[in-house]
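*Asks:* This is a predicted model, with the sequence first.
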Amino acid sequence: MFSIQHIATPDDCKILNHKFYNYDPKESFELIHNVKYLSENLFQCVFPEQHLKIDLGWYGDVIENKGEFKIQIIVNENWEHPFNVIYPKSMQEINTILQRIFKYYSSQEYSI
């Protein structure tokens with residue numbers, strides 16, 4: 001039914017976790033899908049040379065379907081004070097934002 005989202009990453013970016021599916025709770029809410037596909041640990045990657053992590057999660061109440069996606073940019077493992085926090089409004093926006101982040105921080109040319 002739902003498939004893992006394709007996220008193109010540059011070679012200098014290492015994926016640590018990828019459980020980000022193409023399920024959008026705003027478009028097709030079902031409690032069983034919220035429980036299965038939404039968590040604070042959807043996608044995480046690292047740019048080791050920059051000591052930088054990119055973290056994507058969904059934060060909120062899966063039962064009431066009240067929550068939001070959040071992308072955090074973490075420098076030097078400082079989770080208490082993220083370098084930047086972005087709240088995408090849609091699945092399309094998540095992919096666009098991630099690609100912009102990758103392009104900005106990557107030391108390599110890559111294509112989506």
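*Replies:* Alright, I've got the coordinates. Residues are numbered from 1 along each chain as shown.

*Asks:* C-alpha from now on. contacts and neighbour counts both.
*Replies:* OK.

*Asks:* what's the spacing between T9 and N76?
*Replies:* 20 Å (CA to CA, to the nearest Å).

*Asks:* As a check, name the ranges of all helices in this protein.
*Replies:* In the chain, the helices defined using DSSP state H lie at 31-37, 91-105.

*Asks:* just to revisit the earlier point, which one of T9 and N76 has more residues nearby?
*Replies:* Higher neighbour count among T9 and N76: T9, with 18 against 12, using other CA atoms under 10 Å.

*Asks:* what's near enough to touch the closest residue to that one other than its chain neighbours?
*Replies:* In space, T9 comes closest to F102 once its chain neighbours are excluded; the distance is 6.8 Å by CA to CA, 6 or more residues apart in numbering. Neighbouring residues of F102 by CA atoms under 8 Å, 6 or more residues apart in numbering: T9, P10, C13.

*Asks:* so the last one touches P48, yeah?
*Replies:* Read that as C13. Yes. Taking CA atoms under 8 Å as the definition, C13 is a contact partner of P48 at 7.4 Å.

*Asks:* These two: which is more packed in?
*Replies:* C13 (21 against 12).

*Asks:* Next, count neighbours for the residue lying closest to the more buried one once chain neighbours are set aside.
*Replies:* Spatial nearest neighbour of C13, chain neighbours left out: F47 (4.8 Å); criterion: CA to CA, 6+ apart. By the criterion of other CA under 10 Å, F47 has 20 neighbours.

*Asks:* In contact with F47: list those residues for me.
*Replies:* Contacts of F47 (CA under 8 Å, 6+ apart): D12, C13, K14, K53, Y105, S106.

*Asks:* mind giving me CSV with those residues and columns for distance to P25?
*Replies:* Output for these, formatted as CSV (distance: CA to CA, whole Å):
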residue, distance to P25
D12, 32
C13, 28
K14, 28
K53, 25
Y105, 30
S106, 31
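
*Asks:* Neighbours of L38, how many?
*Replies:* Neighbours around L38, by other CA under 10 Å: 24.
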